[in-house]
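**Student:** give me a 3D structure for the following:
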Amino acid sequence: MAQLTYKAMKDNAALKNLPILTLDQRWYRLVPESVKTDEIRYWEKRVNELLKKQGQVNEDLIQVKKIRKGLFRGIVNHMNQNDEDPKKQKIMDESQRLIYEARDKISQLEDESDEVPKKLRIANMHLFYETVKMCYEKINRNNKDLERLEAWIEDTRIKLKKNLLVKQDKEDMNEQMYSYMHAILGPEIMSELDRLNENDE
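**Tutor:** Residues are numbered from 1 along each chain as shown. Below you'll find the predicted structure:
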């Protein structure tokens, strides 16, 4: 397993567009709960957490942008009214403060929305590596078992052939002896001898 390292896989261009494993039902059939290693469980959990976070960040981004848009609309509506009402001014100031907060929150969420996919790709690559490592370890163990089984089957096949020949020799010998005895002693005596032999057995 010298070639099967995380670094070799991570740097492999063919694996750059690796699909997210936990979104594929075939992965769960390939790696049922009973065969998962601690490393696979860890990276599976990490991938699923990052998927959830990615969905949450995207949803939060949509919501904060919607709120900011509503605040802008409110400010524009109040600006069209030429009245010096202190309550309206207070609302305008509060809206402006919230717009700045929304801008900061959007900036933070956009940074996260750039970072989370990178972290997700890394976690997914680790999960892929641990999955492949586990599968090849099992395949290699099975191959060794298959070699042993093939050797046992071949050995058994040779023994079976020998025993079939011994069996055939014994059957031929019995048939020949019985035939000679029958020819020498005749059917009447042979019938009596067969009866006595059966009772003796």
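**Student:** okay, CA-based contacts and neighbour counts for the rest of this
**Tutor:** Noted.
**Student:** ok, which stretches of this structure are helices?
**Tutor:** Under the criterion DSSP state H, the chain contains helices at 6-10, 25-30, 38-79, 86-200.
**Student:** need the winner for burial among those.
**Tutor:** Mean neighbours per residue, mean count of other CA atoms under 10 Å, is largest over those for helix 38-79, with a mean of 16.
**Student:** helices and strands around that helix, which ones?
**Tutor:** In terms of contacts (3 or more CA pairs under 8 Å, 6 or more residues apart in numbering; DSSP states H and E), helix 38-79 is packed against helix 86-200.
**Student:** contact partners for residue 149?
**Tutor:** Residue 149 makes no contacts at all, as judged by CA atoms under 8 Å, 6 or more residues apart in numbering.
**Student:** what's the offset of the helix or strand of the chain with the lowest mean pLDDT from the middle of its chain?
**Tutor:** Every helix and strand of the chain was ranked by mean pLDDT, DSSP states H and E. The lowest is helix 6-10, at a mean of 74. Relative to its chain's centre, helix 6-10 lies at 18 Å (CA atoms, centre = their mean, to the nearest Å).
**Student:** hmm, back to that, now the helices of the chain in TSV, please, with extra columns for distance to residue 17.
**Tutor:** Listed next are the helices of the chain as TSV, based on distance: least, CA to CA, whole Å:
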stretch	distance to residue 17
helix 6-10	11
helix 25-30	16
helix 38-79	15
helix 86-200	9
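**Student:** of all these, which one comes closest to residue 19?
**Tutor:** Proximity to residue 19, assessed across those by CA to CA, is greatest for helix 86-200 (8.3 Å).
**Student:** relative to residue 56, how far out is residue 187?
**Tutor:** 98 Å (CA to CA, to the nearest Å).
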